[in-house]
Structures are given as C-alpha cells and as structure tokens.
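Enquirer: With the sequence up front, the predicted model follows.
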Amino acid sequence: MSDWLPKSAAGRRWLGLAPSYFVIGIFMLIPMVIMGVFSFLEPNPYGGVKPIGSLAAYIKIAFEYDLEDKLVFNPGYLNIIFRSFQLSFGATLLCLIFGFPVAYYITLQPENRRNFYIYLVTIPFWTNLLIRTFAWIIILGRGGVIEAPLLATGIIDDSLRMMYSDGAIAIGLTYSYLPLMVLPIYASLEKLDFRLLDAASDLYANRFEIMTKVVIPLSKPGIIAGCILVFIPCLGAFIAPNLLGGGKKLMLGSLVQFQFASARNWPFGGALSMLLLSVVIITLIFYARAAKNRAAMEGSA
Amino acid sequence: MTTAVDIRGVTKIYSPDSNQAVKALDNVSLTINDNEFFTLLGPSGCGKTTLLRLIAGFEQVSGGEIMLFDEEIENLEPNRRPVNTVFQHYALFPHMTVANNVAFGLERLKKPKPEIKATVERVLTLVKMKELGDRRPNQLSGGQQQRVALARALAPSPKVLLLDEPLSALDLKLRQAMREELKQLQRETGITFVFVTHDQEEALAMSDRIAVMSNGEIQQIGKPTDIYEHPVNRFVADFIGDTNFLDGEIVDLNDDLLTCRIGAQSLFETENSGHHKVGDQVTLFLRPEKIMLSVLDQENDSGNRPGKVKNLVYLGNQAAYTVDMGDGIELTAQARPREDGELPFAIGDPIAVSFSARALKVLAQ
C-alpha cells in the first residue's frame, strides 16, 4: 500500500469523499454563504452590495418606511410569500391527484411495458422548461387552443381570461413538476406486494378500502417524497409565475429573481432566499424525522 | 350431511383469447362437506391453487359453477364471500400490528369495537400469539407469521377456511407440529377447511378426505386410507407414498387369484377382483412396507423369493433396501435396524423376500 494514504480508516474515508465535498463546497456551500453574507449588507444602487452591515433587507420583508421615515408594517411581501405557499400547496395537491393514478396504472402494467411508460413520463425533461411553459400560453391564452373552438361554436362569446391568473400559475407548476411526483410514487408502488390486495379483498375490504387501508399507507414514503420534490421547487419557481401569471402575480421565486435582475437589491434578494432556504430545511428535517420514526415503528426486518 | 362447497363441472382457462391459452382446470366436479377437513393434493401446476382462488373469488370460472352452502357465488366479489384465505406467503399487512391485522376483516364487516377487541383476543389466544399483539409482522418468525395469518383468517368466523400451502415455508419440525394444531383447530372451530398442498404426508396426516389432482383434473377423491391403499391409477399410486410398480401380463386365473407374469418368467399371484381376463396387460403395485425381508434359508423357503441387496439408504428408524430379484425386477423394501442399531442386511447379501397376495394389487390402467 502506498505510504501517502492516511493510516486510519476514518482518514481514508475522508479522502474518498473529498471530491464530493469539494464539488458541493464550490458549487453549493460557497454560493450560499455569499448569499447569506450579502443579505446582511447594504445594496449598491448600481448592482452589487456595499460592505456595510445592515438588517434592512430582513426588515423590508415585513416593514417599510413611510413618508415620515417611520417604520410601519407592510404586508405586501408577506402576501406574496403567503400566496407562494398557497399556490405551491395547490400545485402539489394537483400533482398528487394526477400523479398517483398514473403511477398506480404503470405499476399494474406488464413488466416490459412499465419501463417504456416511465420513459414517457420523463420525456418532458428533454425540452427546456421555458419553452414548455410558453406552450401553455398558446393553450390557455386569449383565442388559444381551448378558447378558439368554444368561441367559434358560440358556446362562449367572450374570453375566459384564463391567462394571468393564479389558476394558470397552478396549472403551469403542476405540469412542470408532475414527473417528480409520479417517479417516487411509482418507485414505492413497484415494491408493493400485490398479494396484499388479494388478502384485503378476502377480508371484506371493498375497492375503496383496499386503496385507503393498504395501497396508500404502503406507498406513503413515495407520496411524501413526491410532495417534497414538487413543493420545494414550486416555492422557488419563477418561470411559470412570470409567463402565466404575467409578472403581476409574483411568487417568492420570481420576487428573488426580480431583486437580482431588475430591482438591483441584492441584499433583499439574499434575505428572501435565506427565508426560502430555511423553509426547505425545516421541511426536510420533518421528513427525515418522520422517516426515522417509521423505521423505528416497523422495526428492522 | 350439509354440502359446504359444491363444484360443478368447473373449467378454468387462462388468457383464453390469446395463443397462449392455458387450461388450468378441466371439468372439475367435487363436493366438500360442512365441517370437513378437505385436501386438494397434487404436484405444482395441477390446478389445485387455481381451484382455491376460484372459491375465494380471485379468479372467475370459464365454465361450470361453484355453490357455497347452496348459494351461487359466481357473481360475488371476494369481499362478499363468506370464506377467508390463509395465503402461502401469509400476505400480512406490514404496516399494521398483529392485532390490527387480525382485526382487519372484522373492521371491514363493521362489527362493534368491543366485539372486535374480544374476538381478536380470542383468536390470538387460540393460535398462542396473545402476547405478541403489538408486534409488527416483520418482527415475527416464519412460524409466528403463519399463526397470525391463521388468526386473521379465522377472526371473521368464515363458513369455509381456504389454506394455500400454509406450511410450505416452515421447517420440518414446525411443520409437523402445525399439522396437529391445524387438525385440532379444525375440530374445535367446526369450520370447513379446504387445504391445498403438494405434500402427500401432510395430506394423509390431516385430511378427512383428499382429492388428488393432476393436469387440471381430479384423479381420485377419497379418505386417506382409500387413497393410499386403493389408488385408482398409476399417477395416484406413484404420487402418494413409495411404491413398487410391476408391469406384466395375466397368464392364469381362478376364483381367488390372478397369476401375472412379470419379466421373462417370474410369476406373481394377486387377488382376483374379477375385472380381468387372461392375456390382459396390467400394472401391479406393492408398497415397500408390505414386503418382509429375511435371511435366505434355502431349505425352508415356502413362499419366499430369493433376491440380493443391491442398494440401501439408511434413514435412522429404518433402512430402504433395493432388492434385485433377477429377471430384470427390482423391489424397494424396508427393514428396521436391529436393537443394537446395526442394519440386518448389507449390500450384496442374499436375501429372502416375501409378501402376501393381498398386498400386491392390480392398478386400473
């Protein structure tokens, strides 16, 4: 064995993991630290930051200075944050409602066909999200794919005004992240022992009870993972809100993007990002704790 | 006697419209009496599990009908049939405790809570699992899971209990102990048991009646002793227990005895059942335990046939001997070890073989 290798097992393990620590450090940790530091500095009106410490960015989330320079409560940004949560929650729910039956259907297919269907589910990822979201403008827009035939046949005589609404954003988000719901649910359903369904039905469970008492409880890990995988990117999404919400109905993600690109208030953008990050971390901690409890409850096999 | 399950001309064909159609059951008819321990016995692929799944309702018949206590059940979903199943691999719900597994059926039947609690406790006591109600299935051994599966199926007091090779995953000792327990359980509860197995010993040990199946057809239905002593064909005789088969021709007969020629010139006598005539080609069968082996005594050999030990397999409580009788005939016989534990004969020993004409039987072809 070469002499330069660390002697202890711990040392060698560290050496093996070093490349991944390096990559995560360079591309994730350092940018996040920069973001965190920026959020405590003062903005430079021409972009960037001034090296002066300040809590202004965090105060700005909930307060503003009125004309007399007094700090007053302003729920404007909080409303945006609240709406982001609402919309993300709604989109996650829609993804679950549409995604679960899809995953279940794929599980019921013969094995050789399942992989093909999973491949189909992932096809949208081959095209840029921006382009796919533009497609929804054509579908939902004034005189678009949905409205045109309805207008032509006289079923409606005015635009439905589907675009630039919370509904349009929710549809866009649902569409964008549906595969992230289907895949983990499929992964846990695939492991489901279908003899348990026979057993449940033998023990007088009807179809509905088979679902609620056996299939859904046993695919819970996949459902939770899918919900997290959809909810978190929804919170930070800005393409769907910008294009389908028309930029008027801001979400947290678009607000952050706006601070860096147009408003030139990097500290405020940083502060909002930190807020988003803490929500994500708290969610993941709850998930990890729930997974640990489940493992403890079901015992080691 | 009340009929619990009446199977009338049932045929089951899997994927009938494709070119891979498989006929799993072919015009099967049998009746299972109330309060009976009935066994479906056969090699894998004989259709016994298919028949069980048809009774449970997991599959639909392709032809014929199944009556449960004189009621047509064809159109009932499994959850509407008053039968419960003990599955081969138990199929316990992994996300529920033992007690919740057992309560599952009762809850679906909307029984009152106190009644559910009492019943769960009662059946868990019955299968000696009362202390482990709070465990999860994956914290239990195979034998314990088996008991839970049994308790879960018994809890709703089904009219018929279906058991799909429930003992096949257990080790030998446990399997033998569970045989007695199952039989006792059936007597105590008075529930009709329909038991599927490929293990003939299991079938003989527990059943009131056995249906031997092969290739989707019933070969023979009868009490264990009937099946063992009077198999109707070669398949049954071969599948149940160890057997010597002798193919030959009837050369002579009188009122009591048939004389058969086996090989070139060996003559064997057997009881005349009155169904055969001289010149018939027949198969005789002889159970190894009906053959007496003794030391060859040249002077006094009335009824004894000489042979030579060709091979032996020591089994502890006995040894199985393969005896070369000459003329191309080999017989398998058994002998107990002597009191000092030594085997009475060794390979190559000349030996005297005897058996009564009643032990040798003619098989229907």
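Expert: Structure received.
Enquirer: For the stretch 201-301 of chain A, give me the ranges with low pLDDT.
Expert: Applying pLDDT under 70 to the stretch 201-301 of chain A picks out residues A:247, A:296-301.
Enquirer: Sketch out the low-pLDDT regions of chain B for me.
Expert: Ranges of chain B meeting pLDDT under 70: B:298-302, B:365.
Enquirer: For it, list the residues in contact with chain A, please.
Expert: B:56-58, B:77-80, B:83-85, B:87, B:89, B:91-95, B:104-105, B:108-109, B:135-136, B:138-139, B:152-153, B:156 (C-beta under 8 Å from any C-beta of the partner chain). (Each C-beta comes from the backbone N, C-alpha and C, glycine too.)
Enquirer: Restricted to helices, list those residues.
Expert: Per DSSP state H, helices hold the following members of the residues of chain B next to chain A: B:56, B:104-105, B:108, B:152-153.
Enquirer: want to throw those into CSV with distance to residue A:243 and neighbour count?
Expert: Formatted as CSV, these follow (distance: C-beta to C-beta, whole Å; neighbours: other C-beta atoms under 10 Å in any protein chain shown):
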residue, distance to residue A:243, neighbour count
B:56, 55, 22
B:104, 49, 27
B:105, 53, 26
B:108, 49, 19
B:152, 55, 33
B:153, 57, 25
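Enquirer: residues of stretch A:242-260 that come out buried?
Expert: Buried residues in stretch A:242-260, counting neighbours by 16 or more other C-beta atoms under 10 Å in any protein chain shown, are found at A:242-245, A:249-260.
Enquirer: Just checking: what are the partner strands of the host helix or strand of residue B:312?
Expert: With secondary structure defined by DSSP states H and E, residue B:312 is part of strand B:305-314. With DSSP bridges as the test, strand B:305-314 is paired with strand B:319-326 (antiparallel), strand B:350-354 (antiparallel).
Enquirer: now do the same end-to-end measure for stretch A:106-113.
Expert: Using C-alpha to C-alpha, to the nearest Å, the end-to-end distance of stretch A:106-113 comes out at 8 Å.
Enquirer: What's the mean pLDDT across that stretch?
Expert: Taken as a whole, stretch A:106-113 carries a mean pLDDT of 91.
Enquirer: what sits up against that stretch?
Expert: For stretch A:106-113, contacts defined as C-beta atoms under 8 Å, 6 or more residues apart in numbering or on different chains pick out A:114, A:117-118, A:121, A:182, A:186, A:189-190, A:192.
Enquirer: Let's see that with 10 Å instead.
Expert: With C-beta atoms under 10 Å, 6 or more residues apart in numbering or on different chains as the test, stretch A:106-113 has contacts from A:114-118, A:120-121, A:182-183, A:185-192, A:194, A:215, A:219.
Enquirer: hey, where'd the strands end up in chain A?
Expert: With DSSP state E as the criterion, chain A has strands at A:41-43, A:49-53, A:63-65, A:71-73.
Enquirer: Repeat that for the stretch 1-150 of chain B.
Expert: Assigned by DSSP state E, counting those that start in this stretch, the stretch 1-150 of chain B shows strands spanning B:3-14, B:22-33, B:37-41, B:63-68, B:71-72, B:83-86.
Enquirer: Relative to residue B:219, which of these is closest?
Expert: Between residue B:219 and the strands of the stretch 1-150 of chain B, the tightest spacing by C-beta to C-beta is seen for strand B:37-41, at 9.4 Å.
Enquirer: Give me the sheet partners of that closest one and which way each runs.
Expert: Counting by DSSP bridges, the strands paired with strand B:37-41 are strand B:192-197 (parallel), strand B:209-214 (parallel).
Enquirer: Including mean neighbour count, could these go into CSV?
Expert: What follows is the strands paired with strand B:37-41, written out as CSV (neighbours: other C-beta atoms under 10 Å in any protein chain shown):
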stretch, mean neighbour count
strand B:192-197, 25
strand B:209-214, 24
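Enquirer: quick one, what contacts the nearest residue to residue A:65 once chain neighbours are set aside?
Expert: In space, and not counting its chain neighbours, residue A:65 is closest to residue A:71: 6.2 Å by C-beta to C-beta, 6 or more residues apart in numbering or on different chains. By C-beta under 10 Å, 6+ apart, the residues touching residue A:71 are A:59, A:62-65.
Enquirer: Return the distance of the residue nearest to residue B:94 when sequence neighbours are not counted relative to residue B:79.
Expert: Closest residue to residue B:94 apart from its sequence neighbours, by C-beta to C-beta, 6+ apart: residue B:137 at 5.6 Å. Per C-beta to C-beta, to the nearest Å, residue B:137 is found 21 Å from residue B:79.
Enquirer: Also residue B:359?
Expert: Applying C-beta to C-beta to residue B:359 and residue B:79 gives a distance of 52 Å.
Enquirer: for residue B:360, same thing?
Expert: As judged by C-beta to C-beta, residue B:360 and residue B:79 stand 53 Å apart.
Enquirer: now swap in residue B:155 and tell me
Expert: As judged by C-beta to C-beta, residue B:155 and residue B:79 stand 15 Å apart.
Enquirer: Among the two, which residue is more densely surrounded?
Expert: Under the neighbour definition other C-beta atoms under 10 Å in any protein chain shown, residue B:155 and residue B:79 were set side by side, and residue B:155 has more, 25 against 19.
Enquirer: measure that one to residue B:64 for me?
Expert: From residue B:155 across to residue B:64, the span is 31 Å (C-beta to C-beta).
Enquirer: cool, and residue A:167?
Expert: Residue A:167 sits 56 Å away from residue B:64, going by C-beta to C-beta.
Enquirer: Checking my notes, residue B:294 in a strand, right?
Expert: Yes: assigned with DSSP: H, G, I helix; E, B strand; the rest coil, residue B:294 falls within a strand.
Enquirer: ok, what's across the strand from the closest residue to it other than its chain neighbours?
Expert: Closest residue to residue B:294 apart from its sequence neighbours, by C-beta to C-beta, 6+ apart: residue B:352 at 4.7 Å. Beta bridges link residue B:352 to residue B:294, residue B:306, judged by DSSP bridges.
Enquirer: who touches residue B:352 in this structure?
Expert: Contacts of residue B:352 by C-beta under 10 Å, 6+ apart are B:292-298, B:300-301, B:303-307, B:323.
Enquirer: If we use 6 Å, what do you get?
Expert: Shown in contact with residue B:352 (C-beta atoms under 6 Å, 6 or more residues apart in numbering or on different chains): B:294, B:296, B:304.
Enquirer: One more: residue B:323?
Expert: When contacts are counted by C-beta under 6 Å, 6+ apart, residue B:323 touches B:307, B:331, B:333, B:353.
Enquirer: Show the buried residues in the residues of chain B next to chain A.
Expert: In the residues of chain B next to chain A, burial by neighbour count holds for B:56-58, B:78-79, B:83-85, B:87, B:89, B:91-95, B:104-105, B:108, B:135-136, B:139, B:152-153, B:156, counting by 16+ other C-beta under 10 Å.
Enquirer: quick one: the lengthiest helix in chain B to strand B:37-41, angle?
Expert: Longest helix in chain B by number of residues (criterion: DSSP H): helix B:172-189. Inter-element angle recorded for helix B:172-189 and strand B:37-41: 140 degrees (by axes from the mean of the first three to the mean of the last three C-alpha atoms, to 10 degrees).
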